[in-house]
Each structure stands twice: as C-alpha cells, then as structure tokens.
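> test case, fold it:
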Amino acid sequence: MIKAVIILIILIALIVGGAIFMRTRIPERTSITQDTYWKDKAIKQDISVSDIDKIWLNNKEWMYEWQPTCVGGGGNNAPCDTDNFICSGIEERLGKFGWGAQQIASVKQAISTQNTVHSECPNPKPSTRKWWYFLEKIF
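This is a model prediction of the structure:
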C-alpha cells in the first residue's frame, strides 16, 4: 500500500513537472538572414554568409548560434544596460544600443573571439554565457 502511494506521488510529480516544462518557452532562434535591414548591415561589415545565418537577437542580446555575445541589441536610441552588455552607441548615444551598423560591428568583434563573447564585456557572467543557460533557467 505504501509503495503504491509513493509510486502514485512520483507519477503525479512527473506529470505536473512535464506540464510545467512543456509550457516553458525556449527562445526561438530566428537568424538575421530573414531581416533585410540586419542582413545588409552584416554584409557591409564583411561578415560571412554562414556567420550571418548564426546571428540572432534574444532578449536584448545578440547571440551567435546559441552563445550570448554580451552585445546589447535593440532600437538605436533605447537605453542599454551598460553593467551587463557592450552598448554600441557613441557620442550622443552613449548608454544606448546604437545604430544597426554599430551593433553589428560589435557583434563582429565578439564572434571573432574564441568564445564569441565581446572582449570588453563588462560582466561576462560565465554561468550565463554558455549554450545550456536556457535549460538552467527552466529548472
């Protein structure tokens, strides 16, 4: 009887846990090749077509494959978190994401490094700068 109750509790926990997991959304990776604005900026920066296909934006951070680059991404005049990202805005746009060409230039610098994290990243957060970070956020 006790074994049956324990098994039943375990089964319920698995079902509930599975339902929670299924509702958790892992980011959808949409490459910039599908957006002519960003694709044109990357081509002008001499980023290869194969690399362009691996660049995407997730939660205000540019990604390369599934790796965060530490480069902030968003509207050119939108505030950028300078404590955690490279913010590409210059002059009157300091502390902002910066123009598209500036963001993509920063992404190019990041993907040219061995670990694809920009060399001037203010907060590399090693625990969040790896591909399984998304799974760790779920559990």
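
> contacts and neighbour counts: CA atoms only from here.
Will do.

> doesn't residue 46 make contact with residue 39?
No. Using Cα atoms under 8 Å, residue 39 makes no contact with residue 46, being 10.8 Å away.

> comparing the two, which shows the higher neighbour count?
Neighbours were counted for residue 39 and for residue 46 using other Cα atoms under 10 Å; residue 39 has more, 20 against 12.

> list the contacts of the more buried one.
By Cα atoms under 8 Å, 6 or more residues apart in numbering, the residues touching residue 39 are 32-33, 52.

> which among those residues count as buried?
Neighbour counting with 16 or more other Cα atoms under 10 Å marks 32-33, 52 as buried within the contacts of residue 39.

> check the secondary structure at residue 89 for me.
Using DSSP: H, G, I helix; E, B strand; the rest coil, the structure places residue 89 in coil.

> chain center to the biggest strand by length in the chain, what's the gap?
Determined from DSSP state E, the single longest strand within the chain is strand 67-72. Mean-position distance between strand 67-72 and its chain equals 6 Å (Cα atoms, centre = their mean, to the nearest Å).

> can you list contacts of that strand?
The contact list for strand 67-72, computed with Cα under 8 Å, 6+ apart, reads 60-63, 80-81, 84-88, 97, 103, 106-107, 110-111, 116-118, 121, 124, 129-131.

> how about 6 Å then?
Contacts with strand 67-72, where a contact means Cα atoms under 6 Å, 6 or more residues apart in numbering, come from 60-63, 85-87, 110, 116-118, 121, 129-131.

> next structured bit after that strand?
helix 100-111 (DSSP states H and E).

> tilt between that following helix and strand 67-72?
140 degrees (axes from the mean of the first three to the mean of the last three Cα atoms, to 10 degrees).

> does residue 97 really touch residue 87, like I thought?
Yes. Applying Cα atoms under 6 Å as the test, residue 97 and residue 87 come out as touching, 5.0 Å apart.
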